[in-house]
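Visitor: Turn this into a structure:
(chains A and B)
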Amino acid sequence: MTAAVAPARRLIGARVARKEDLPLLTGTARFVGDVERAGMVHAVFVRSPVAHARIAALDVEPARSAPGVVGVLTAADLPDTLSPIPIRMFSRPGLERFLQWPLARDTVRYSGDPVAVVVAADRYAAEDAAELVAVDYEPLEPVLRADAAPPDAQAAAFVVEHGDVDAAFAEAPVVVERRLHVHRHAAVPLEARGLVAELDAETGVLTVLGAAKIPHVNRRILAALLGWPEDRVRLVELHVGGGFGARGEFYPEDFVVPFCAIRLGRPVSWIEDREENLRACNHSREQVHEIALALDADGRFLALRDRFFNDAGGYVRTHGLVVPGMTAALLPGPYRWPAYRCEAHHVLTNKTPAGTYRAPGRYEANFARERLIDVAAAELALDPVELRRRNLLRPRDFPYPTGTNTDGHPVVYDTGDYPLLLDKALERFAWDDLRRWRAAPAAAGLRRGIGLALFVEKSGIAKWEYARVEVDSRGEVDVFTGGASVGQGLETALAQICAETLDVAFERVTVRHGDTDTVPDGMGAFGSRAATLGGSAVLLAADALRKRLDAGEEAPLAEEARFESEDMTFPYGVHVVAVEVEEETGQVAIHRYGVAYDIGRAINPLLVEGQIVGGVAQGVGGALLEELVYDDAGQLVSASFMDYLLPTAAEAPPVEVLITEDAPTPRNPLGAKGAGEGGAAAAGAALANAVADALGVDVDRLPLSPARVAALARGTR
Amino acid sequence: MKPPPFEYDDPATIDEALGLLAEHGDEAKVLAGGQSLVPLLNFRLARPERVVDVNRLDALSYIRADDGVVRIGALTRHAALERSSEVAARLPLLANAVAFVGHVQIRNRGTVGGSVAHADPAAELPVALAALEGRYHVRSQAGRRVIASDEMFVTHLTTSLEPDELLVEIEVPLPPPGTRAAFVEFARRHGDFALGGAAVVLTLDDAGTCTRARIALLAAAPTPLRAYGAETWLTGMRVDERAAVEAASRAVADVHPTGDIHGGTEYRRALVESLVRRALLQAAERR
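Guide: Model (predicted):
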């Protein structure tokens, strides 16, 4: 739907309705599942039914001769020159030993590990034939706990530290220590993955539809795995029904499906079904923390010490050490720590490989830190808000070198006024009223609790983005961005920036993205980067174009820009939640949920609110409902939407959002910090604190399922 | 997520359907609303050789008040039950229970007979029908028979229907005057299969003393479970908080619900106990 036409000059910061919505609302948007090609055939993967085994024998002949089958491929049919799927960020020497091959060669390492692909005239025939692929698995012992794994399961370990932690703990009058668990859950985008790959026999160009998130990066990976020049590979992004970090990474299917299209000379479609999505697409979040906090008698933080185990699943995938790296880098949060040590262990288990999911590594870190701070507050008989306030960084501290790093790069917080945001949040969400509400008698069998969690997010990872702005002789403007759209409103935000900078109507700007043929390069959409880095690149290109127009040059004109920022930006926020817990059932009902988030500058508050509300839905889902449960044999038990409980409209709470712009960043010309992840980042932490408050117990793990909460409540009745 | 191959029939008449079941009953599954069978097919957990689709049997879709009973055709959609003024007036428990079945889309397709024949102990309607002592009319080429309320459900996903039999009608006797009922359940999300639940039908005399009690438990056993001991104990009592607590405790005394990832046996038993107590008090407070 088009917005009322705002004066172009004030578009940045305006609540402009989304450009993307008309095709979505009218059903004309094209997703990869809508793609039809003449002669198109359908791929189905044969996946390991066991968690860990050697492949003793593999017989595909019966499948090859099944009705409708055009091809069956195993690892033996892939090129000899093939290499495993590479890490695209945060690698370390040694990790290459744990990479995943597109099809398992001699060992399967999780239930769902692809061992063969069947291509047939339709999905029915392909699934029928897939059942005929006979695999003899010799079972091996599965490893199912990262914190109790044999030494050779450790893929990497590293330490991030500053100050003398041991001395601080030795002398501290107060020490609290807990073992805290965050459970395995996943991004689970509404649209599962899918690809349609087609080789043009005349030009020799391979086209892959269904790219998402990082089309240019994936083109590079696919071309390298094929041993082809990049200009013979074209990736095209269609509408994407949600990514959240998981969708769009380079997975085994991203090689195998295009390879089938080349080998078979037919367009090949693969549409992931939900059962497959839950077993094959990256999981996330499973960490065990052994975390300790040292304080003086006044509640001043002296040191934070953590050792945590990050469950990597069966292989190290494209994200390398991003998740544990982010945990170790941002665990300190908004507080001053004279000493800090975080020891990270990235451990392989025989479960689905894990990668990033909205606020990766931080959802977990925020839970561990903010939970422990509440424990410390109870120990010192201090108000949890007051304890936090005493230890917040002050505005004069910025830019603040945290002493931590991401992949070796120092983390230096850019700007912030943390006490101010805390005050604004408590005011806006009526903390004092909530405290009174909590103290007032609840109905029989209900217990009330309030909780909050503070956090520092990061945005704008991976340094640079590309943009080109073209204006034609009729005054129509095209923006080409290296960013990608995963539903976040990229087209709208970039059009606002471009229209305001060029002083043209918003409606005349078309944003194009995701086709490697029309956009020469780009980094994509992850880590809350598309608007900040991508938007800054658009701003630079549009500004250069504006200057030429102002100088009297005539359209058509085009300008390119590459915006680069060595450092990330650091938005920060507060989650506030009030709950009523039903003792008998263990049901946690959310009475009020508020998020305050300072993002420097909101390009479009409407989009930001949407990001935050959606993030809270996912964060609350993770805290209360969603859990990927494995049995003792390493089988995923929650492998359908009957057991993997996504929040629906009925479960997602109303969310009050306070966006503030008190601390714009100097690290990009917009002053904007990314807004994509703050809604999820501290939801687990805030809810755990609220439930702990309601029941007067320690909450040491998520999710807060009814059975677990009822057991906690029973212990206190 | 596609079903394995199967033969498909969609008979136009009941006789034709019974003929197909007589011929293929052992290898056939009856498809009604498809809200359970189709997922089972798509997961390839059910592999019938033949699917007999009864959706054309419009004659099996009705709700009729008769002499002291309400007759519900097996193909009646949940949504029709939900919207029926007849059911709301005469069998409020059923109207109450059906609102908990899945979501609107599921209720638009799912059928009362399908829910009974599928025999999921966490399904609402079989439990409500157990509390109402519904009787099940079935037909085959060999004839008709009526299955008594407590003889329909054998175990998890298993009824006493023979392979050649088709459930055609559920007959629900109208409870005596002075009866009030309540259905409560607890599910993790709106529309999920419940972790526990209870259907209660109480008849109270003018003094508030219980003269007849029917209590059926949801997700407490492999079938809908009548709590006969608690019913007997409650009869002759005033249904107050203390009586409800005691009856609920008796109702779950010998109950060992099967645990799963959403809750273990102990949690589920305690949950069902709480829900029985709430249902009893809710029913007693109703006019």
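Visitor: per the record, what domains does the chain have?
Guide: Picking chain A for this. Domain ranges of chain A: A:8-29+A:461-564, A:33-141+A:192-240+A:247-280, A:283-460+A:568-714, per automatic domain parsing.
Visitor: my question was about chain B
Guide: According to automatic domain parsing, the ranges for chain B are B:7-53, B:58-173, B:179-285.
Visitor: Can you add mean pLDDT and give those domains back as a markdown table?
Guide: A markdown table is the format used below for the domains of chain B (pLDDT from 0 to 100):
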| stretch | mean pLDDT |
| --- | --- |
| domain B:7-53 | 97 |
| domain B:58-173 | 97 |
| domain B:179-285 | 97 |
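Visitor: So for A:V595, which of the ones you listed sits nearest?
Guide: Closest approach to A:V595 among the domains of chain B is made by domain B:179-285 (22.4 Å; CB to CB). Backbone N, C-alpha and C define where each C-beta goes, glycine included.
Visitor: next one: that closest one to chain centre, how far?
Guide: 15 Å (CA atoms, centre = their mean, to the nearest Å).
Visitor: Does chain A have contacts with it?
Guide: Yes - legend: contact between domain B:179-285 and chain A by CB under 8 Å from any CB of the partner chain is shown at B:186, B:188-193, B:195, B:261-264, B:267, B:270-271, B:274.
Visitor: Specify which member of those is nearest to A:G248.
Guide: Distances from A:G248 to the residues of domain B:179-285 next to chain A, taken by CB to CB, are shortest for B:R189, at 27.9 Å.
Visitor: hmm, back to that, indicate which one of the domains of chain B is closest to A:F506.
Guide: Judging the domains of chain B by CB to CB, what sits closest to A:F506 is domain B:58-173, at 37.6 Å.
Visitor: ok, is the closest one in contact with chain A or not?
Guide: No - residues of domain B:58-173 contacting chain A under CB under 8 Å from any CB: none, with a closest distance of 8.6 Å.
Visitor: coming back round to it: among the domains of chain A, which is the most enclosed?
Guide: Most buried of the domains of chain A by mean neighbour count (mean count of other CB atoms under 10 Å in any protein chain shown) is domain A:283-460+A:568-714; its value is a mean of 22.
Visitor: for the record, mean pLDDT for that one?
Guide: Averaged across domain A:283-460+A:568-714, pLDDT comes to 97.
Visitor: try stretch A:244-256
Guide: 97.
Visitor: tell me the SS of the residue in the stretch 51-200 of chain B that chain A sits nearest to?
Guide: Nearest residue of the stretch 51-200 of chain B to chain A (CB to the nearest CB) works out as B:H190 at 3.8 Å. Of the three states, B:H190 takes coil under DSSP: H, G, I helix; E, B strand; the rest coil.
Visitor: Quick one: residues contacting the residue nearest to it when sequence neighbours are not counted.
Guide: Residue nearest to B:H190 in three dimensions, not counting chain neighbours: A:A650, with 3.8 Å by CB to CB, 6 or more residues apart in numbering or on different chains. Residues in contact with A:A650 (CB atoms under 8 Å, 6 or more residues apart in numbering or on different chains) are B:189-191.
Visitor: now the strands for the stretch 1-150 of chain B?
Guide: In the stretch 1-150 of chain B, the segments counted as strands under DSSP state E, counting those that start in this stretch are B:7-9, B:28-31, B:50-53, B:63-65, B:69-73, B:135-140, B:143-147.
Visitor: and the second one, how far from the chain's centre?
Guide: Centroid separation for strand B:28-31 versus its chain: 19 Å, with CA atoms, centre = their mean.
Visitor: longest helix of chain B?
Guide: helix B:265-285 (DSSP state H).
Visitor: Report all helices and strands that that one contacts.
Guide: Where contact means 3 or more CB pairs under 8 Å, 6 or more residues apart in numbering or on different chains; DSSP states H and E, helix B:265-285 is packed against helix A:706-714, strand B:179-186, strand B:196-204, strand B:210-218, helix B:241-251.
Visitor: Return the list of strands paired to the third one, each annotated with direction.
Guide: Here the strand partners of strand B:196-204, with direction, are listed using DSSP bridges: strand B:179-186 (antiparallel), strand B:210-218 (antiparallel).
Visitor: how far away is the residue nearest to B:F100 when sequence neighbours are not counted from A:R300?
Guide: Excluding its sequence neighbours, the residue lying closest to B:F100 (CB to CB, 6+ apart) is B:E124, at 4.9 Å. Per CB to CB, to the nearest Å, B:E124 is found 56 Å from A:R300.
Visitor: Need the buried ones from the residues of domain B:179-285 next to chain A selected in ChimeraX.
Guide: If you want just the buried ones from the residues of domain B:179-285 next to chain A in ChimeraX, going by 16 or more other CB atoms under 10 Å in any protein chain shown, the selection is:
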select /B:186,188,191,192,193,195,262,263,267,270,271,274
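Visitor: Among the residues of domain B:179-285 next to chain A, find me the one that's closest to A:E564.
Guide: B:R189 (45.3 Å).
Visitor: and the closest one, what does it touch?
Guide: Per CB under 8 Å, 6+ apart, neighbours of B:R189: A:625, A:645, A:647-648, A:650-651.
Visitor: The residues you listed in strands, which ones?
Guide: Using DSSP state E, no member of those sits in strands.
Visitor: hmm, back to that, would you reformat the strands of the stretch 1-150 of chain B as TSV and include mean neighbour count?
Guide: TSV is the format used below for these (neighbours: other CB atoms under 10 Å in any protein chain shown):
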stretch	mean neighbour count
strand B:7-9	13
strand B:28-31	21
strand B:50-53	20
strand B:63-65	16
strand B:69-73	21
strand B:135-140	20
strand B:143-147	12
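Visitor: what's the closest of these to B:A128?
Guide: strand B:69-73 (11.5 Å).
Visitor: Quickly note the distance from A:P151 to chain B.
Guide: A:P151 sits 30 Å away from chain B, going by CB to the nearest CB, to the nearest Å.
Visitor: how far does the host helix or strand of A:L195 sit from the chain's center?
Guide: Assigning secondary structure by DSSP states H and E places A:L195 in strand A:194-199. Relative to its chain's centre, strand A:194-199 lies at 25 Å (CA atoms, centre = their mean).
Visitor: same deal with stretch A:322-342?
Guide: 18 Å.
Visitor: likewise stretch A:526-544?
Guide: 20 Å.
Visitor: avg pLDDT for that stretch?
Guide: Mean pLDDT, stretch A:526-544: 95.
Visitor: One more: stretch A:74-90?
Guide: Averaged across stretch A:74-90, the pLDDT comes to 97.
Visitor: quick one: contacts of it?
Guide: Contacts to stretch A:74-90, defined as CB under 8 Å, 6+ apart, come from residues A:58, A:60, A:95-96, A:99-105, A:115-116, A:214, A:217, A:221, A:224-227, A:249-252, A:255-256, A:259, A:263, A:316-322, A:325, A:406-407, A:461-462.
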